[in-house]
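> Fold the following.
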Amino acid sequence: MSIESLKESLDKILTQVESELSSVKVIDDLEKVKASVVGRNGSLTLLTKELGAIEKSQKPEAGKAFNEVKKKVNELISAKLAEIENSGTKSIKGIDISLPGRSWKYGKKHPIMQTIDDCVAIFRRIGFIVAEGPDIETVYHCFDALNTPVDHPSREQSDTFYFPDSRLLRTHTSTVQIRVMEAQEPPVRIIAPGPCFRPDTPDATHSANFHQVEGLYVDKKVSMADLKSTLMYFARELLGEEIKVRFRPHYFPFTEPSVEYDFSCVMCGGKGCSVCKYSGWLEISGAGMVDPNVLRNVGYDPEIWSGFAWGMGVERITMIRHAINDIRYFYDNDVRFLTQF
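Next comes the predicted model:
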C-alpha cells in the first residue's frame, strides 16, 4: 500500500465520519458511529493492518497522517457528545433520560374483595377455614338438601337463574356447606365466601350478582349462645368494640330456630339516624341452628351433632363500613370511586 492510497483512505473515513455525525441526535446513534470507525472492526482500526505494507522510508509520514486523522475523529466524536449532553436529548438504550420521571400506578383490591379478606381473616382467628364450591349448582345442593320445599318462592324462575339442563347459578353459598358435610365427618367449622346470583332488578340495594360470606359450625352440644358470641366477636373485630348484636325471630327452611340479626348502627352509635331509619340498628342477614333435616340429608345424626349457620351479604357489609348508599357503584368500574379504597 502506498502513502498516497493510505491518505486517500484516511480522507474518505474522515469525510464519512463528519457526514454521519451531522445527523446524530442521541447517544445511541453516536456510539454506533464511533464503533464503525474506531471499534474492533471499525474502518480506521482495520486500516492499521495496512500500515505494515508501506515502505519503510514512508512509515513515519504514514503514521503521522494516521494519527492526525484518528485524533480528528476522536475530537469530532467528543464534540458531538458534548452537543448532545447540552441539548438534553441523551438516550440510554432507546430511553430518553431527559424526560421527567414516570410514576407507576399500582392496582388495588376491589373494596368487595377487601371486605371478604377481612372477614376471612377474622374467622380464621377463631378456627374457621375457607371452603369453596362451584358457581353452577344442582337443584339438590341449592334447595333439596337445604330442606327447601318444592313450593318455596326462591325456587321459582323469577328468583333463580336456571339452565336448560335444570342446573342453576347458586343463589347462596349455603351449597358449599352441603358439599363439605357430604365430604367429611363432623366436627365442621368453615366459612364459604363467594359470588351468588339472583334475577333481581338492579337498584340502590339490589344486584343480579352479589357476594356472600356464610359460616357453618357443627359439633357436639353447639347452641344459640355459641352463634351469638361468634357473630358478636366478628362484629366487634370488623366494626369496633362498641358494636352490639341483636337477634330477631325469623324463618329459614334450613335452620330451626331461625333468626335475623342486626348490628347497632355504626353511623349514629345506635341513637338513630337516616342510615338506620332512626331505629338504631342495621339489618345484616340471617342465621340459626342447622335444621335436623339438613343434618340427616348429609348423613349426620342430629341426636349426636348440632350446629349453627349464618350468612351475610358482602356488599351490605362494605356499604356499612364505608357509608356507601348505592350497591351499583361497586360494579360501574369507575376508577374515581374504586381508587378511594
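> so what's residue 220 up against?
Shown in contact with residue 220 (CB atoms under 8 Å, 6 or more residues apart in numbering): 187, 304-306. Quick note: C-beta positions are derived from backbone N, CA and C, even for glycine.
> Drop the exposed ones from these and show what's left.
305-306 (16 or more other CB atoms under 10 Å).
> Among the contacts of residue 220, which ones are in helices?
Of the positions in the contacts of residue 220, not one sits in helices, assigned by DSSP state H.
> Chain neighbours aside, what residue packs nearest to the spatially most central residue of the chain?
Taking CA atoms, centre = their mean, the centroid of the chain lies closest to residue 109, which sits 4.9 Å from it. Among residues not flanking residue 109 along the chain, residue 117 sits closest, at 7.1 Å (CB to CB, 6 or more residues apart in numbering).
> now swap in residue 285 and tell me
Ranked by CB to CB, 6+ apart and with sequence neighbours excluded, the top spatial neighbour of residue 285 is residue 312, at 4.2 Å.
> Would you mind giving both backbone torsions of the one you found?
phi -150, psi 150 (degrees, to the nearest 10).
> Pull up the distance across stretch 321-334, start to finish.
Counting by CA to CA, to the nearest Å, you get 19 Å between the two ends of stretch 321-334.
> Give me the contacts around it.
Contacts for stretch 321-334 (CB under 8 Å, 6+ apart): 110-112, 115, 202-207, 209-210, 238-239, 266-267, 275, 315, 318-319, 337, 341.
> Could you report the neighbour count for residue 115?
Using other CB atoms under 10 Å, residue 115 has 26 neighbouring residues.
> I figured it was touching residue 318, is that so?
Yes. If you go by CB atoms under 8 Å, residue 115 and residue 318 touch, sitting 4.5 Å apart.
> Give the buried residues for stretch 119-136.
Buried residues in stretch 119-136, counting neighbours by 16+ other CB under 10 Å, are found at 119-120, 122-123, 128, 131, 133.
> which of the residues you listed sit farthest apart?
The span of these, defined through CB to CB, is set by 122 and 133 at 21.2 Å.
> where exactly do the helices run in the stretch 1-150 of the chain?
Secondary structure of the stretch 1-150 of the chain by DSSP state H, counting those that start in this stretch: the helices cover 3-22, 27-38, 43-47, 59-87, 111-124, 139-142.
> Can you report how many residues neighbour residue 105?
Neighbour count for residue 105, taken as other CB under 10 Å: 8.
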